[in-house]
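Visitor: Output the structure for:
(2 chains)
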Amino acid sequence: MITIATAVDVAALKDTTLLNMGIFGLFVAVTMVIVFRASRNNKTAADYYAAGRSFTGSQNGTAIAGDYLSAASFLGITGAIAINGYDGFMYSIGFLVAWLVALLLVAELLRNTGKFTMADVLSFRLKQRPVRIAAAISTLAVCFFYLLAQMAGAGSLISLLLGISDWGGQALVIIVVGALMIMYVLIGGMKGTTWVQIIKAILLIAGAAVMTLWVLAIYGFNLSALLGGAVETANNPAVLNPGLQYGKSETSKLDFMSLGLALVLGTAALPHVLMRFYTVPTAKEARKSVVWSIWLIGLFYLFTLVLGYGAAALVGADTIKSAPGGVNAAAPLLAFHLGGPLLLGFISAVAFATILAVVAGLTITAAASFAHDIYANVIAKGKADAATEVRVARRTVVVIGVLAILGGILANGQNVAFLVALAFAVAASANLPTIIYSLFWRRFTTQGAVWSMYGGLGAAIILIIFSPVVSGGATSMIKDAHFAIFPLSNPGIVSIPLAFFLGWLGTVLDKKSEDPAKQAEMEVRSLTGVGAEKAVNH
Amino acid sequence: MGNDAQSPDAAASVDFEQVQSTEQFQELRKRHRSFVFPMAVAFLLWYFAYVLLADYAVEFMSTKVWGNINIGLILGLLQFVSTFAITGWYVSYSNRKLDPIASEIRNEIEGHEFDKHGNRVGGANK
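Guide: Predicted coordinates:
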């Protein structure tokens, strides 16, 4: 039996505002209590940044899933599938397959060689100062792009739930979200943040599972019938085929390749994901975390396939596009269609919690990178004590929180999954070549690292600035200006190979070579876990 | 900087170049690389083959196999299956082939068999 899509009365959503806010308030209250309890033992830098390395593999794996399944995955992918059909599914596949890069090439080796940040690993056997500065700058840049995406998601969600479409009202709620996030990170550090992510991951996956079963039940647990429903509502059989969004021209096909490349190579270079590997005591637990998160993330993306086509079939692309919040409103609208105000309230609260948790994770990563890499190792030249370093980190949290709030107010209306894909492109360009080279290529030198990181970061950002994302198109950030000389909206296909090339070129042209003893130490440590295997007890 | 995963004292006086040159370590390195490199190449090729098909072979991907389920959807779901399979394979490989030899080397280092100065390397017990 196929249910004919009933129109969702978007205006009626306003009536549920109080309920939504109540559920969200409950989440905040419960997590705040947990964060307070978790933070009582935060004393050292390892406590603050790496949760005292006290989490188990499965806890950390759940937290990684909580960190990774951001608003982009939930709101963005569901929306992309609901509107563009098969092309949205592509995001899920790229986001998942990317974990194999992290599992096979990065996670354990990184856990064994680093302390708190990505720069620890990159600068291990190269010259500390230039490499650390470059790594910290790219960490901050990636976190900033990712933060923008999450804040844009918060904006979309708010405009839908509260029916607030005026600028001031949305800005006010973004400020509230930002302030809450600052509190979590200031009070809880990595331990508190991790617990928020674990709780949120469980809620999100459970919520998505309920909706998925519900949608499947409507179609008699027959995937083919669900797809048929999507075709019928969209009145377009092409929603099941690739190419609806990216098949329009040769340029858009190339853009699709570029997106695919950025997605699969970005994950293993995301600083906030890398930092999570330091919260477990051993490399074996790091491996377990990745395995655990691959299963959870894979399962969740299978849900989004059903939810996306479910939204296409039951809500309809036209209703979604015209709702406040646009593409990102597909999942909440589907929840409203299925379970009325109560399910919408639950799902929206989960989506808010998602944004809050991911933003907290990003913020602590950026703050750790600034305090540990730039302040402690470059400005204070390694002489800062742990207490000062943590104090600097806490102040950085406030600065980043304010920047995130401002960015979120400015970046509204774009598809969140799309914005996150840009963060992936920047991460894959700026970080991945140096991570891979320094772990696996004996000859790699400081010059190679610096060229690759600045070259990759610069190329990715410059190409984004001159792309249709920023100017010249109907969905651009600046609609009236026309300086889009680069035709692709994702820079990955140019900037990632360029960064790999620059890393190689900088190394072979470098007259100096690095200390072979350091290289030996890094390789032995990375593969055996010497000196890194015991949990730090305090 | 507080306490680190890398307690500098534990392995500070280890001669890592000597460890690196041992047959045992070379074997570990070989086993690690001979698994992760071919596997990384394989899944990346399979992923890009899929992306290329979705991009340039729309007709083929749109072929219906069963009801509304087409080749594109099946290949997409197979990407999930292969990801899960490679994950499981790697875990069992590491447990069997990598972990035992890695912990052996770690114990030898921490039991100060590679000490540069003939001193006891602090903190570690075999």
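Visitor: Could you give the number of residues near the residue nearest to residue A:152 when sequence neighbours are not counted?
Guide: Excluding the flanking residues, the one nearest residue A:152 by CB to CB, 6 or more residues apart in numbering or on different chains is residue A:411, at 4.5 Å. Where you see a C-beta, it was placed from the backbone N, CA and C, and this is true even at glycine. The local packing of residue A:411 (other CB atoms under 10 Å in any protein chain shown) involves 20 other residues.
Visitor: residue contacts, residue A:411?
Guide: Listed by CB atoms under 8 Å, 6 or more residues apart in numbering or on different chains, the contact set of residue A:411 reads A:148-149, A:151-152, A:155, A:419, A:477.
Visitor: mind redoing it with 7 Å?
Guide: Listed by CB atoms under 7 Å, 6 or more residues apart in numbering or on different chains, the contact set of residue A:411 reads A:148, A:151-152.
Visitor: Tell me which residue is most central in the chain.
Guide: Because you didn't say which chain, this covers chain A. Closest residue to the average C-alpha location of chain A: residue A:68 at 5.1 Å, with CA atoms, centre = their mean.
Visitor: that's the other chain; I wanted chain B
Guide: Against the mean C-alpha coordinate of chain B, by CA atoms, centre = their mean, the closest residue is residue B:36 at 5.3 Å.
Visitor: What strand or helix carries that residue?
Guide: Assigned by DSSP states H and E, residue B:36 belongs to helix B:23-56.
Visitor: is chain A contacted by that helix?
Guide: Yes. Counting by CB under 7 Å from any CB of the partner chain, chain A has neighbours in helix B:23-56: B:25, B:28-29, B:32, B:36, B:39-40, B:43, B:47, B:51, B:54-56.
Visitor: Only the buried residues of that helix, if you could.
Guide: Within helix B:23-56, the residues that qualify as buried are B:25, B:28-29, B:31-32, B:35-36, B:39-40, B:43-44, B:46-47, B:50-51, B:53-56, counting by 16 or more other CB atoms under 10 Å in any protein chain shown.
Visitor: count of neighbours near residue B:17?
Guide: With other CB under 10 Å as criterion, residue B:17 counts 17.
Visitor: go on, residue A:476?
Guide: For residue A:476, using other CB under 10 Å, the count is 18.
Visitor: I'd say it and residue A:465 touch.
Guide: No. Residue A:476 is not in contact with residue A:465 according to CB atoms under 7 Å; the separation is 11.4 Å.
Visitor: what's next to the helix or strand hosting residue A:107, contact-wise?
Guide: In this structure, residue A:107 sits in helix A:107-113 according to DSSP H and E. Contact with helix A:107-113 is made by A:121, A:124, A:274, A:277-278, A:283, A:286-287, A:290, A:439, A:522, A:525-526, A:529, A:532, as judged by CB under 7 Å, 6+ apart.
Visitor: Which among those residues count as buried?
Guide: Applying 16+ other CB under 10 Å to the contacts of helix A:107-113 flags A:121, A:124, A:274, A:277-278, A:283, A:286-287, A:290, A:439, A:522, A:525-526, A:529, A:532 as buried.
Visitor: Can you narrow these down to the ones near chain B?
Guide: Within the set of the buried ones among the contacts of helix A:107-113, contact with chain B (CB under 7 Å from any CB) is found for A:278, A:287, A:529, A:532.
Visitor: quick revisit: ok, the residue nearest to the centre of chain B to residue A:120 distance?
Guide: Separation of residue B:36 from residue A:120 (CB to CB, to the nearest Å): 22 Å.
Visitor: Could you list the residues of the stretch 151-300 of chain A in contact with chain B?
Guide: Residues of the stretch 151-300 of chain A lying near chain B by CB under 7 Å from any CB: A:223-224, A:227-228, A:231, A:240-243, A:246-247, A:253, A:256-257, A:260, A:264, A:278, A:284, A:287, A:291, A:294, A:298.
Visitor: Could you rerun that using 8 Å?
Guide: A:222-225, A:227-228, A:231, A:240-243, A:246-247, A:253, A:256-257, A:260, A:264, A:278, A:284, A:287, A:290-291, A:294-295, A:298 (CB under 8 Å from any CB of the partner chain).
Visitor: The closest residue to chain B within the stretch 151-300 of chain A: how many residues sit nearby?
Guide: The minimum distance from the stretch 151-300 of chain A to chain B, using CB to the nearest CB, falls at residue A:224 (3.0 Å). Residue A:224 is flanked by 15 other residues according to other CB under 10 Å.
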